[in-house]
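Participant: Following is a predicted model, sequence given first.
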Amino acid sequence: HLVRGDPGRIRQILINLIGNAVKFTERGSVSVRVRAISRGDPNKEVQLLFEVMDTGIGIKSEQRERLFEPFVQVDSSKSRRHDGSGLGLAICRRLSSL
């Protein structure tokens, strides 16, 4: 099968998502799964679904949607344990919509 897409964008999205998962998972696991989803005739076109899952610290449901906005972080206190600019997930959203 031929896969069409921008390998640079896919790579950047996966680097950001996997990097976040690793950063916020002190114990447990991080896994990545790729599935082909048929869109009608499976011999013609499929979509690839990439899933990054972890057993990290978790995110409250009311905070999830905001995480994809630039410069937003769940813990914005001065005593937070993890560094970052809050741009990684915003970049993922932008790249995935192009």
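Facilitator: In hand now; what should we look at? Residues are numbered from 1 along each chain as shown.
Participant: Please enumerate the strands of this structure.
Facilitator: Ranges of strands in the chain, per DSSP state E, are 30-38, 46-54.
Participant: If you count neighbours, what's buried in the last one?
Facilitator: I take that to be strand 46-54. The neighbour-count check on strand 46-54 (16 or more other C-beta atoms under 10 Å) flags 46, 52, 54 as buried. Every C-beta, even on glycine, is put in place using the N, C-alpha and C of the backbone.
Participant: Identify the residues contacting residue 95.
Facilitator: 9, 12, 13 (C-beta atoms under 8 Å, 6 or more residues apart in numbering).
Participant: Closest to residue 33 out of the buried residues of strand 46-54?
Facilitator: residue 52 (8.2 Å; C-beta to C-beta).
Participant: Could you check how far the closest one is from residue 20?
Facilitator: Counting by C-beta to C-beta, to the nearest Å, the gap from residue 52 to residue 20 is 8 Å.
Participant: Scan this structure for its longest helix.
Facilitator: helix 7-23 (DSSP state H).
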